[in-house]
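Student: kindly return the folded structure for what I paste below:
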Amino acid sequence: MLLLVPVILLVFLIFIYWQNRTRKKFASSRLFKQLAPNRSRSKPIIKLILILLAMASMVVALVNPKMGTKLKTVKREGVDIVFAIDVSKSMDAEDIAPSRLEKSKQLVSQILNNLGSDRIGIIAYAGGAYPQLPITTDYSAAKMFLQALNTDMISSQGTAIGEAIELATTYYDDEQKTNRVLFILSDGEDHEGNVETITEKASEMGIRIFTIGVGTEKGGPIPIKRNGVIQNYKKDNQGETVITKLNPSTLKEIAEAAEGSYIYGNVTSEVTEKVTEELLNIEKTEFEAKQFADFQSHFQLLLGIALALLFLDIFVLERSTAWLRDLNLFNERKKKSGQDGSN
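Tutor: All right, here's what the predicted structure looks like:
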């Protein structure tokens, strides 16, 4: 847009050239001065300069120039939250739509939407527990890792809740005494390991554990899919179709032992409401995160200059004024005295 400035200037010069030629055809310079004695030669140029400067200022203001960066410390308050998500094959059961695992992912995603400045981490577990996302405030990254979870990512099968809890204890920073929360999303089936001991250890570290049961107690078969199409259902050694059911007893025991609570996870709105309520009752702890401050915008100054120039242009008339004529910018008095001498 700044390229319009020299274009307008060029058009103005062409107009002045055409105007002078046309005037010469109409009358001589001397006669024209007598016909228009108050016409100023400098005022049109001044008005053009004002308009071009105003235009340039407005263009630069549209770019929104920014200056002034500094590293500042931003204080944040929140809770450190870890989500341990069961990705065992039983989570493929579709007794709750679209499946237990997809429902778990939906629940976590909705919980993230309701969080403020809390830090979060993600663990996936089946026959073993594996870290997916360390403690962070990057919710976008959390959702990306969340969507990547599937029941084929861990080859060893089972529900090693104990390992997930033990891994979660390593997520929290001992130097920052933040309040710590662990959410376990599972159907509770195929539980293995000494959960009681590990739960007590987590409780001693100040970790409150909330369990979310996903599935139905009536249960359903475990589909075997290929390219998203069900080919068959998982069968036992006798060739009977395996029916997997929600087992809330273990999940309730874990929550009670770690000063948490058990949440039935089939209705998303009820889960998010319950989780939000529980988190509100937990005291927020202040922690610090260093980051670069945003650039400071300066378009207001340039826009103000542009408006001032346009306002000034209104009061600059094209007729000459006495004080400007006395400046003799175009040697008018010299020409006039020469003419008087010849007379």
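Student: report the central residue of the protein.
Tutor: With distances taken as CA atoms, centre = their mean, the residue of the chain nearest its centroid is residue 140 (8.3 Å).
Student: secondary structure element for that one, which one?
Tutor: Assessed by DSSP states H and E, residue 140 sits inside helix 139-147.
Student: which elements pack onto that helix?
Tutor: helix 100-114, strand 119-125, strand 129-136 (3 or more CB pairs under 8 Å, 6 or more residues apart in numbering; DSSP states H and E). Where you see a C-beta, it was placed from the backbone N, CA and C, and this is true even at glycine.
Student: pick the most deeply packed of those.
Tutor: strand 119-125 (a mean of 24; mean count of other CB atoms under 10 Å).
Student: let me know how buried the closest residue in space to residue 303 that isn't next to it in sequence is, in neighbour terms.
Tutor: Setting aside the residues directly before and after it, residue 303 is nearest to residue 61 in space (CB to CB, 6 or more residues apart in numbering), at 4.4 Å. Counted with other CB atoms under 10 Å, residues neighbouring residue 61 total 19.
Student: identify the residues contacting residue 61.
Tutor: Contacts for residue 61 (CB atoms under 8 Å, 6 or more residues apart in numbering) come out as 299, 300, 302, 303, 306.
Student: pLDDT value on the third one, please?
Tutor: Yep, that's residue 302 we're talking about. For residue 302, the model assigns a pLDDT of 87.
Student: so what secondary structure elements neighbour the one helix or strand it maps to?
Tutor: Taking DSSP H and E as the definition, one finds residue 302 inside helix 299-315. Contact analysis of helix 299-315 by 3+ CB pairs under 8 Å, 6+ apart lists helix 43-63 as its packing neighbours.
Student: show me how far the next helix or strand after the helix it packs on is from its chain's centre.
Tutor: Next helix or strand after helix 43-63 toward the C-terminus (DSSP H and E): strand 66-67. Distance of strand 66-67 from the chain centroid (CA atoms, centre = their mean, to the nearest Å) equals 20 Å.
Student: circling back: out of the contacts of residue 61, the closest to residue 216 would be?
Tutor: Looking at the contacts of residue 61 and their distance to residue 216, the nearest is residue 299, at 58.0 Å (CB to CB).
Student: need the contact list for the closest one.
Tutor: Counting by CB under 8 Å, 6+ apart, residue 299 has contacts 61, 62, 63, 64, 65.
Student: would you map the helices across the chain?
Tutor: 4-26, 29-35, 43-63, 100-114, 139-147, 161-168, 195-204, 248-257, 268-280, 299-315, 322-326, 332-342 (DSSP state H).
Student: kindly compare burial across these and name the winner.
Tutor: It is helix 161-168: most buried of the helices of the chain by mean count of other CB under 10 Å, with a mean of 24.
Student: for it, which outside residues touch it?
Tutor: 82, 84, 86, 121, 123, 125, 128-131, 182, 184, 186, 191-195, 198-199, 201-202, 207, 209, 250, 254.
Student: what angle do that helix and strand 119-125 make?
Tutor: Here the directions of helix 161-168 and strand 119-125 differ by 150 degrees (axes from the mean of the first three to the mean of the last three CA atoms, to 10 degrees).
Student: avg pLDDT for helix 161-168?
Tutor: Here the average pLDDT along helix 161-168 is 89.
Student: distance between it and the chain's centre?
Tutor: For helix 161-168, the distance to the chain centre is 32 Å (CA atoms, centre = their mean).
Student: now stretch 160-177
Tutor: Centre to centre, stretch against its chain (CA atoms, centre = their mean), the figure for stretch 160-177 is 29 Å.
Student: before we move on, what about stretch 91-99?
Tutor: With CA atoms, centre = their mean, you get 32 Å for stretch 91-99.
Student: from here on, count from 821
Tutor: From this message on, residue numbering opens at 821, which makes the last subject stretch 911-919.
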